[in-house]
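> need a structure here:
(2 chains)
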Amino acid sequence: MWAYILRRLVQAIITLFIITIVCFILTRLSSDPMAQYANRPGLTAADKERIRHQLGLDRTIPVAWIRWVGLPPETEKKIVDNSGLPIQYINWLGLALQGELGTSFFSKQPVSQLIAERLPLTLLLMATALTITVFIALGLGIVSAVKQYSLTDNIITALSFIGYSMPIFFIALGLMLIFAVQFKAWGLPYLPTGADVWNRRDMTELIRHMILPVSCLVIIQTAGYARYVRSSILEVLSLDYIRTARAKGLTERAVLYKHALRNAALPFITILGLDIPYLLSGAIVTESVYAWPGMGRLFWEYAQRGDFPVVLGVLLVVSAAVVVFSILTDLVYTFIDPRIRLG
Amino acid sequence: MKRYMYTLFSLVILASLLLTACAPKTPAPATAAPATQPPIAPPATEVPPMPKIVTGGWTQEPDSIVPYYTVMSYAWWIAQLTLVGLAEWDENGAYVPELAAEIPSVENGGVSPDGLTITWKLRPGLKWSDGAPLTSKDVKFTWESIVNPLNASTIKAGYDQIESITTPDDLTVVIKFMSLYPPWQTLFAQGPNSAGSILPAHILEGQTGLENHPYIHWPTVASGPFVITEWVAGDYMTLLPNANFYKGRPIIDQINIKFIPDPETALAALQTGDIDWYPDFSESDISTVGALEPNVHLLVVPGSDFEHYFFNLGVTAGVKDAGDNLIANSASDQDGFCPFKDVRVRKAITLGIDRETIVEALLEGKTIVPATQWPNSFWTNTSLQSDAFNPEEAKRLLDEAGYTDKDGDGIREGMCGGKEVKLSFNFETTTKQIRVDIALAAQSDLRKIGVEFKPIHTPAGTFFGGYGDGGPLATGKYDMAGYTTGFYPDPYPFGGDWLCNAPSVNNPGGANPYHYCDPQLVKLFEAVNVTADPAARKVAIDAVQKYIFDNYLVVMMYARANVYGYVDRFVPGPFGFYSNMNWNAEVWDVKSP
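Below you'll find the model as predicted:
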């Protein structure tokens, strides 16, 4: 077990190392931060050249990557010459583990600070939405599976497909138009449209601001999860040991909850485990429409401006979470299913 | 499994709530400034029943506030509210004093006869929001901090032309330029398009690396009508009145600015009253916002920015001056589309696009088709009128230039540079929807005169990419292109677009997107810069405009409009393009319920 964990951790470090290189190159090639300065009044060509140098955009990609991962400038030559790599890698790892993710090109603030400002509200939004989603999806999935091909199953299936295929911005704006704009027009209590979510640190206001974005996320996410639960349960219900359980005279309720659900949960746990890291990445569209100050907006707004350090910082945090949670998911299997032995 | 999930999610939510409660929130400004305290209540007899609070919605959050370290418009807007300059522009675009007592002129002795020395006089009794005196020393410090190589200021243009600043007394600032600097009015003048805030020496003096100083990100001590007292990243910002503002305490008790990235959300927020104004609608939102009258008012302010189409006029051989010498940086990497070298073709394309109808149909007729690149400003050559749509004349000009449809495919062909060339060319621009729509309209119009106009929409980051990144504008890999720019508040620093400075393999930093070098035009531009007298410069820039107009070097599409929506209860001051709406926030008010 411990050998397995150690092996997975080593793999994770190598994976993350490769991710830093891939993300760095892709981000650098995707846009040009200097476009922000293209038509700004008051900037001469000399200003632009100076800014390009200040931002390090005149460096080659390998040198820029070295700078980004936090190695001291004097190591640039060594790295380029391909010598002393292990020591420098350890140096970098040390800095990365300390949360040194660089400084934003434009706001000049540490990326770790920008992420720390946005992460709590994103976690709150996404975790609430995911929790509600899981409970609703479990309920709908179970009902749908137990009453397969019934009217209830067909309605749930139809609604799931509608929810799954609906563009999220449409749902987000639709909910806003109904529960904010129209409710106000009808003289009813109405929900806020967005922004100012954390004003005066008022919990009631925070919850009011959460209702629409959480609902939006739940509508989108529930459909997929409910389908997973339904198909998993149906698969398990057709197995011999369920027949055996029924033959023993167990009630249908006991068969379902004590025997079927536990085994049916494995694929669900896998999907859930892989989705939990995205709690950190936020939801770009939902956060933008509801002006929720989360990680999704942070990423999107800075990506639009070509602010590489912030984009890379967010990518690195999310990538690390994906790697860590995939290990945790594997470990959780052993608790959920005694048949699985890691080693 | 259920227990596991229940525990897991409970922990995640609990952790989120705890993290949220402990979220890093930049502390409120540590200043004794009266303005950073809750608004001071006037005597009981004058107390309004409710505090006057207004809330704006902005698309983006400023990255920093001090304008020398950022190029974000939103930062410069906030600077108008908090960190003012010696002068500013009013709603009519007139240059008016702010911290200064008067605008320097030759008549009042503020401008020396040789134009090299400008003397500003400050208003007496100026104070920062923390009560410290605001003096000439602050102006001198501002300049020193901008040009100090140990500070990574973004904008140095003009400030680096100053030889020295002396301060004979607390109210006098004597600026001596190294050589004549005609656009001196843009220095130390804060506007939506001009970085000119005065910085507090008593806070920043003696420090370097100012780009990382907390004050640059969040100025806690202000000279403008308001002070930022709270700023929750990505969410909102709160500004309270500065009781030490030179015009006195503003009428409004509190300004909130919410950061709302989606205009659709802003539209909904205006309707629910969550915000009182939104300054970031695009021209395509004009009809939507207009439909919300009378609860939400629409205001469209045509500006000095303009959307223009232009021709690649580059030549690989370069251009020679009158003495038959090759002009430096006049050669492009490749020749532009050959037929564009004929003014008749350029004029035909200009006459062949129905720009008035485009403005009417796609921009609700709320802006204008300007004649020149200096629209809606003091510098506009008002004697020039934009050409009307005239496809028949366009066809005649193309016939005259030798381009006719010989093969019956609807596209004209003709001889150019010794080869037969089809009047079929690419048009590069960005992916913005309004540009896509207008390009389609232009394509349809030009097809009717036998010209094939093929739009290519490239993401802005690529389109405006530098020479080394292969950007089409910089490398000259385009036939015709279009985008928005503006030459203001002064025409001089940005006239560089037309100077013989084309980007090329030998000059990758070149700043002439037209790849055009015309010694005669350069000479006309030079005439703009031989005097510091605005009236004389106006005559010179009029001649520049006439030359560009007569030679059909660009197709002026429309003056970009600033589109605002604001609720009925909010009473802002007068708006202008040069001033935006923030220049006089001290007079903003709200209607009584």
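
> OK, contacts around the most centrally placed residue in chain A?
By Cα atoms, centre = their mean, chain A has its centre lying nearest to residue A:278, at 1.6 Å. Counting by Cβ atoms under 8 Å, 6 or more residues apart in numbering or on different chains, residue A:278 touches A:126, A:318. Yep, even glycine has a C-beta here, placed from its N, CA and C like the rest.

> mind doing that once more with 10 Å?
A:122, A:126, A:130, A:295-296, A:318, A:321-322, A:325 (Cβ atoms under 10 Å, 6 or more residues apart in numbering or on different chains).

> what distance do you get for it to residue B:396?
63 Å (Cβ to Cβ, to the nearest Å).

> returning to that earlier point: could I get the contacts of residue A:278 in CSV, plus columns for distance to chain B and pLDDT?
Putting the contacts of residue A:278 into CSV (distance: Cβ to the nearest Cβ, whole Å; pLDDT from 0 to 100) gives the following:
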residue, distance to chain B, pLDDT
A:122, 8, 90
A:126, 8, 91
A:130, 7, 92
A:295, 10, 91
A:296, 11, 91
A:318, 16, 86
A:321, 12, 85
A:322, 16, 85
A:325, 11, 83
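
> give me the buried entries from the residues you listed.
A:122, A:126, A:130, A:295-296, A:318, A:321-322, A:325 (16 or more other Cβ atoms under 10 Å in any protein chain shown).

> can you tell me which of the contacts of residue A:278 lies nearest to residue B:542?
The closest of those to residue B:542 turns out to be residue A:296 (Cβ to Cβ; 50.6 Å).

> isn't there a helix covering the closest one?
Yes: counting by DSSP: H, G, I helix; E, B strand; the rest coil, residue A:296 is located in a helix.

> re earlier: check the buried ones among the contacts of residue A:278 and tell me the two furthest apart.
So, the buried ones among the contacts of residue A:278 by Cβ to Cβ: farthest apart are A:296 and A:325, at 18.0 Å.

> which secondary element of the chain has the worst mean pLDDT?
Since you didn't name a chain, this refers to chain A. helix A:75-80 (a mean of 43; mean pLDDT, DSSP states H and E).

> other chain: chain B
helix B:2-21 (a mean of 48).

> so whichever helix or strand comes after it, near chain A or not?
Per DSSP states H and E, the first helix or strand lying C-terminal to helix B:2-21 is strand B:53-58. Yes: contact of strand B:53-58 with chain A (Cβ under 10 Å from any Cβ of the partner chain) involves B:55, B:57-58.

> what would the residues you listed look like in a markdown table with distance to residue B:586, neighbour count and pLDDT?
What follows is the residues of strand B:53-58 next to chain A, written out as a markdown table (distance: Cβ to Cβ, whole Å; neighbours: other Cβ atoms under 10 Å in any protein chain shown; pLDDT from 0 to 100):
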| residue | distance to residue B:586 | neighbour count | pLDDT |
| --- | --- | --- | --- |
| B:55 | 18 | 21 | 95 |
| B:57 | 21 | 31 | 95 |
| B:58 | 19 | 24 | 94 |
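
> which stretches of the stretch 1-150 of chain A form helices?
A:2-30, A:45-54, A:61-68, A:75-80, A:85-97, A:111-146 (DSSP state H, counting those that start in this stretch).

> between these, which gets the lowest average pLDDT?
Looking at those, the lowest mean pLDDT belongs to helix A:75-80 (a mean of 43).

> so, low pLDDT: which residues of chain B?
Scanning chain B for pLDDT under 70 picks out the ranges B:1-49, B:493-496.

> at the geometric centre of it, which residue do we find?
residue B:193 (4.7 Å).

> quick one, what contacts that one?
A:40-42, B:73, B:76, B:89, B:186, B:303-305, B:486, B:488-489, B:577-580.

> gap between it and residue B:433?
In terms of Cβ to Cβ, residue B:193 sits 25 Å off from residue B:433.

> what's the answer for residue B:523, then?
41 Å.

> more neighbours: those two, which one.
Between residue B:523 and residue B:433, residue B:523 has the larger neighbour count (other Cβ atoms under 10 Å in any protein chain shown), namely 13 against 10.

> pretty sure that one sits in a helix.
Yes: Residue B:523: assigned to a helix according to three-state DSSP.

> neighbours of the residue of chain A found nearest chain B, just the number please.
Taking Cβ to the nearest Cβ, chain B has its nearest neighbour within chain A at residue A:293, 3.0 Å off. Neighbour count of residue A:293, defined by other Cβ under 10 Å: 28.

> so it makes contact with residue B:234?
Yes: counting by Cβ atoms under 10 Å, residue B:234 is a contact partner of residue A:293 at 3.0 Å.

> list residues touching both of these two?
Common neighbours of residue A:293 and residue B:234 (Cβ under 10 Å, 6+ apart) are A:117-118, A:121, A:195, A:197-198, A:287, B:61, B:259.

> need the buried ones from these selected in PyMOL.
This is the PyMOL syntax for the buried subset of these, where burial follows 16+ other Cβ under 10 Å:
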select buried, (chain A and resi 117+118+121+195+197+198+287) or (chain B and resi 61+259)
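
> got a list of what residue B:306 touches?
B:367-370, B:372-376, B:483-487, B:554, B:556-560.
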